[in-house]
Every structure is written in structure tokens, then in C-alpha cells.
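> Provide a 3D model corresponding to the input given below.
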Amino acid sequence: MKKKVCRECKFFYEGEKCPACGSNKTATTWQGRIHVLDTQKSSIAKKIGITVPGEYAIKTR
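As a prediction, the model looks like this:
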């Protein structure tokens, strides 16, 4: 199954709905990726409001 990107939180996932926020709104096009390993120590994660570690798109359409 192909990875999807959540339009709400920009989390990459596989399946029916986003495990990070529970939304089922998906994007097919995106730009850039960010990998967050530790949300507590990452200043970028804190700045953009990421609470779940994983792979995120920077911009979705």
C-alpha cells in the first residue's frame, strides 16, 4: 500500500486514517520531508506542534 499524507497534521501513514490525529483527509502531492525522532528534544517539532514521532511532509497540496 502506498503511503498517504494527512492534510491536517502532515503525517505520513499507511491505512485508512491518520494514526497521529485520526483524520481521514489525505493529500496526494507534498513537498519536503522531516523526520522527528524525539519530540521532546526537537526544537523544530515544538515550533510546529508535533507531538508524535515519525515522518512529516513540510507542505501539502
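> and Lys47, that's in a helix?
Yes. Under the criterion used here (DSSP: H, G, I helix; E, B strand; the rest coil), Lys47 sits inside a helix.
> which residues touch it?
Contacts for Lys47 (CB atoms under 8 Å, 6 or more residues apart in numbering) come out as none. To be clear about C-beta, it is placed using only N, CA and C from the backbone, and glycine gets the same treatment.
> distance of it from Val36?
Taken as CB to CB, to the nearest Å, the spacing of Lys47 relative to Val36 amounts to 11 Å.
> measure the spatially closest residue to Cys9 that is not a sequence neighbour to Lys10 for me?
If you skip the residues right next to it in sequence, Cys9 has Cys21 as its closest partner in space, 4.5 Å away by CB to CB, 6 or more residues apart in numbering. Using CB to CB, one obtains 10 Å as the distance from Cys21 to Lys10.
> compare neighbour counts for the two and give me the winner.
Set Cys21 next to Lys10 and count neighbours by other CB atoms under 10 Å: Lys10 wins out with 23 against 16.
> model confidence for the residue of the chain positioned farthest from its centre, exactly?
For the chain, the C-alpha farthest from the mean C-alpha position belongs to Lys41; by CA atoms, centre = their mean, that distance is 17.6 Å. At Lys41, the predicted lDDT confidence score is 94.
> low pLDDT regions in this structure?
Scanning the chain for pLDDT under 70 picks out the ranges 1.
> roughly how far does the residue nearest to the spatial centre of it sit from Asn24?
With distances taken as CA atoms, centre = their mean, the chain has Phe11 as the residue nearest its mean C-alpha position (1.5 Å). Phe11 sits at a distance of 12 Å from Asn24 (criterion: CB to CB).
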